[in-house]
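Student: How does the following fold in three dimensions:
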Amino acid sequence: MRITHWLNALAVVILVTSGWRIYDAAPFFPLTIPTVVTLGGWLGGALQWHFAAMWLLVFNGLVYLAMNIASGRLARKFFPLTPRGVLHDALAALKGQLSHADPRHYNSVQKLAYLFVTLDLVVIVLSGLVLWKSVQFPVLRDLLGGYDFARRIHFFAMAAIVAFVVVHLVMVALVPRTLLSMLRGRAPRHSSNV
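Tutor: So this is what the prediction gives:
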C-alpha cells in the first residue's frame, strides 16, 4: 500500500511539473509558470514526461484503488463520513484542539480530503484523456463541455491537487511523527509527543 502511495505521489509531481511546461506553451490565463519549476525543458520533452507519468498514475492508481476496495481499507478508513463530523473536526483543527493521538486513524477532515483527492485524480485522468485523444473519446469530450472546457477542468483539477499537496505537507510539518507512520507503515510506539 505504501509503495503504491509513493508511486502515485511521484507520478503527480512529474505530471504537475511537466503539465506546467505544457500549459506555458499555450496558456489560457495571463500567467505563465516559471520555467525553473517545470519539467521537460521544451514542449516535446514535457509531453514525454507527462505521458510516461500518466501511465504510472493510471496503472498504479488502479492497483492502489483495487487494493483499498478488496482489502476493505476504503470502507474501514474513510467511512462513515458525515457533514457534522467534518464540521466538528474542522473547527477543532482551527482551534488547535484536534487530537493526533493515533495517526493510523483519520479524522473526518482527513477522510474528506483523501476522498476528494481520489475523485480529483479521476477527473484529471478523464479530462486528460480528452486532451490526449479528443477524437477517440467524443462522448467524454462532450460530457466535459468540449476540448477547451476539458482543458480548463484539467487545469483546475491540477490546481486542487497542488493545493492538497501543500496543505498535506504543512500538516506533516505541524505533526512530523505522521511522516514516520507514512514511511514505516505503522505508528511510532510512543505517540505522546506532538
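Student: Quick one: low-confidence residue ranges for the protein.
Tutor: Applying pLDDT under 70 to the chain flags residues 100-104, 177-194.
Student: Quick one: the helices in it, in order.
Tutor: Under the criterion DSSP state H, helices of the chain are mapped to 2-25, 43-71, 73-78, 83-94, 108-132, 138-143, 147-174, 177-184.
Student: any chance of the ones you listed in a markdown table, plus mean neighbour count?
Tutor: Yep, even glycine has a C-beta here, placed from its N, CA and C like the rest. Shown next, in a markdown table, are the helices of the chain (neighbours: other Cβ atoms under 10 Å):
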| stretch | mean neighbour count |
| --- | --- |
| helix 2-25 | 18 |
| helix 43-71 | 15 |
| helix 73-78 | 14 |
| helix 83-94 | 14 |
| helix 108-132 | 18 |
| helix 138-143 | 13 |
| helix 147-174 | 15 |
| helix 177-184 | 14 |
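Student: Switch these over to a markdown table; also include distance to residue 32.
Tutor: Output for the helices of the chain, formatted as a markdown table (distance: least, Cβ to Cβ, whole Å):
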| stretch | distance to residue 32 |
| --- | --- |
| helix 2-25 | 5 |
| helix 43-71 | 13 |
| helix 73-78 | 37 |
| helix 83-94 | 34 |
| helix 108-132 | 19 |
| helix 138-143 | 26 |
| helix 147-174 | 13 |
| helix 177-184 | 33 |
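Student: Of all these, which one is nearest residue 36?
Tutor: Among the helices of the chain, helix 2-25 comes nearest to residue 36, with 10.2 Å by Cβ to Cβ.
Student: Could the C-alpha coordinates of that closest one be exported in PDB?
Tutor: Written as PDB, here are the backbone C-alpha positions of helix 2-25 (Å, rounded to 0.1, in the frame of the first residue of the first chain):
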ATOM      1  CA  ARG A   2       2.800   2.400   0.900                       C
ATOM      2  CA  ILE A   3       4.700   1.700  -2.300                       C
ATOM      3  CA  THR A   4       1.600   2.500  -4.400                       C
ATOM      4  CA  HIS A   5       1.000   5.700  -2.400                       C
ATOM      5  CA  TRP A   6       4.600   6.900  -3.000                       C
ATOM      6  CA  LEU A   7       4.500   5.900  -6.700                       C
ATOM      7  CA  ASN A   8       1.200   7.900  -7.000                       C
ATOM      8  CA  ALA A   9       2.900  10.900  -5.300                       C
ATOM      9  CA  LEU A  10       5.900  10.600  -7.700                       C
ATOM     10  CA  ALA A  11       3.500  10.400 -10.700                       C
ATOM     11  CA  VAL A  12       1.600  13.500  -9.500                       C
ATOM     12  CA  VAL A  13       4.800  15.500  -9.100                       C
ATOM     13  CA  ILE A  14       6.000  14.600 -12.600                       C
ATOM     14  CA  LEU A  15       2.600  15.300 -14.100                       C
ATOM     15  CA  VAL A  16       2.200  18.700 -12.400                       C
ATOM     16  CA  THR A  17       5.700  20.000 -13.300                       C
ATOM     17  CA  SER A  18       5.600  18.700 -16.900                       C
ATOM     18  CA  GLY A  19       2.000  19.900 -17.200                       C
ATOM     19  CA  TRP A  20       3.000  23.400 -16.200                       C
ATOM     20  CA  ARG A  21       5.500  23.300 -19.100                       C
ATOM     21  CA  ILE A  22       2.800  22.100 -21.500                       C
ATOM     22  CA  TYR A  23       0.500  24.900 -20.200                       C
ATOM     23  CA  ASP A  24       3.200  27.500 -20.800                       C
ATOM     24  CA  ALA A  25       3.200  26.500 -24.500                       C
END
